[in-house]
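Novice: Quick one: sequence plus predicted model below, questions after.
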Amino acid sequence: MSSSETVRFSYRSHQESIEVVLQGEADWVNSIRSQMGLNGTLGFTRPLGPAAEQPKTSDESGSQSSLQPTLPGPPPDPSRIPSVVRTVGDLDLSAKAAELGMSSQTDTDMAALAEFLDEVETPEPVTNILSSDPQAEAWLQLVLTMVVREHGHTSMSLSDIEKLIGDKVNKSTAEVKIFLDRLWRIGKLERIHGGVEDHYAPNPSWLESH
């Protein structure tokens, strides 16, 4: 998609009664999406320029039919894709993760996290029109950033989140769950069922906005 191509972006959430439609050059649309926290898989984008129009042709009967658009570039050539052969079980996942800059998973020290949150300055509220509680969302981003980047975990339990930020955002366990589920419904978190309670994992694009 060309940066100067005209596109239309649409996002709708029936649960939250939200509908967003952006139309303009791709760079501008993507910039506004980023500011609104609607990156990644949220919403739908389609081109509106000449490339979006399918050419028409007439068959022998004179009726009109649509031609399939031609994909850019040469046709795929599987023979040019290099093969990678490994012995099953031979891949060192820890070493590969370290090579890619990923943190190894370590036990989460809740006491140390709580102490860190008590000492750190109150984070700036998120600037996102879809946020119902910008300050609480900022605390949650800070906690999940530490858990994911420092400890290598992909999610956190409801009870652990409530223990760390419940008092700071003045929410009970039930209110914290409602807050987390709202973020899940608009795509900022993933909710993971299983075990005694739900866990919540951050959407990478939402976490990167921190």
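Specialist: Cool, got the structure.
Novice: where exactly do the strands run in the protein?
Specialist: 6-13, 18-25, 44-47, 56-58, 64-66, 156-157, 189-192, 199-202 (DSSP state E).
Novice: now for the ones you listed, which one comes closest to I129?
Specialist: Between I129 and the strands of the chain, the shortest separation by Cβ to Cβ is 8.8 Å, and it involves strand 18-25. In this view, the C-beta of every residue, glycine as well, is placed from N, C-alpha and C.
Novice: Domain map for this structure?
Specialist: Here the domain assignment for the chain is 1-51, 102-208, based on automatic domain parsing.
Novice: which of the ones you listed sits most buried?
Specialist: Between those, domain 102-208 has the highest mean count of neighbours, a mean of 16, where neighbours are mean count of other Cβ atoms under 10 Å.
Novice: Any chance of CSV for the domains of the chain, columns mean pLDDT?
Specialist: Formatted as CSV, these follow (pLDDT from 0 to 100):
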stretch, mean pLDDT
domain 1-51, 76
domain 102-208, 84
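Novice: ok, S31 - contacts?
Specialist: By Cβ atoms under 8 Å, 6 or more residues apart in numbering, the contact list for S31 is empty.
Novice: And the domains of the chain: which comes nearest P78?
Specialist: domain 1-51 (25.5 Å).
Novice: any idea how far the closest residue to I161 other than its chain neighbours lies from Y200?
Specialist: The shortest distance from I161 to any non-neighbouring residue, by Cβ to Cβ, 6 or more residues apart in numbering, is to V176 (6.3 Å). According to Cβ to Cβ, to the nearest Å, V176 and Y200 sit 10 Å apart.
Novice: and for these two, which residues touch both?
Specialist: L158, I161.
Novice: show me the contacts for D198.
Specialist: Neighbouring residues of D198 by Cβ under 8 Å, 6+ apart: S157, L158, K177, R191, I192.
Novice: next one: L158
Specialist: T173, V176, K177, L180, E197, D198, H199, Y200.
Novice: repeat that for 10 Å
Specialist: Neighbour list for L158: T173, V176, K177, L180, D181, R191, V196, E197, D198, H199, Y200 [criterion: Cβ atoms under 10 Å, 6 or more residues apart in numbering].
Novice: Tell me what the nearest residue to the fifth one once chain neighbours are set aside is bridged to.
Specialist: By that I understand D181. Counting by Cβ to Cβ, 6+ apart, the nearest residue to D181 once its immediate chain neighbours are dropped is R191, at 7.0 Å. Taking DSSP bridges as the rule, R191 bridges to Y200.
Novice: distance between the ends of stretch 157-171?
Specialist: End-to-end span of stretch 157-171 (Cα to Cα, to the nearest Å): 16 Å.
Novice: doesn't L183 make contact with the residue nearest to D181?
Specialist: Yes: here R191 reaches L183: they are 9.2 Å apart, a contact under Cβ atoms under 10 Å.
Novice: For this structure, which segments are assigned as helices?
Specialist: When secondary structure is read from DSSP state H, the chain shows helices at 26-36, 93-99, 110-119, 134-145, 151, 158-165, 173-185, 204-208.
Novice: Just the CA atoms of the longest one, as PDB, please.
Specialist: Pointing back at helix 173-185 there. Extracted in PDB, the C-alpha atoms of helix 173-185 (Å, rounded to 0.1, in the frame of the first residue of the first chain):
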ATOM      1  CA  THR A 173     -11.500  -7.000  42.700                       C
ATOM      2  CA  ALA A 174     -14.800  -6.900  40.800                       C
ATOM      3  CA  GLU A 175     -14.200  -3.400  39.500                       C
ATOM      4  CA  VAL A 176     -10.700  -4.400  38.300                       C
ATOM      5  CA  LYS A 177     -12.200  -7.300  36.400                       C
ATOM      6  CA  ILE A 178     -14.800  -5.100  34.700                       C
ATOM      7  CA  PHE A 179     -11.900  -2.700  33.800                       C
ATOM      8  CA  LEU A 180      -9.800  -5.500  32.400                       C
ATOM      9  CA  ASP A 181     -12.700  -7.000  30.500                       C
ATOM     10  CA  ARG A 182     -13.400  -3.700  28.800                       C
ATOM     11  CA  LEU A 183      -9.800  -3.500  27.600                       C
ATOM     12  CA  TRP A 184     -10.200  -7.100  26.300                       C
ATOM     13  CA  ARG A 185     -13.400  -6.300  24.400                       C
END
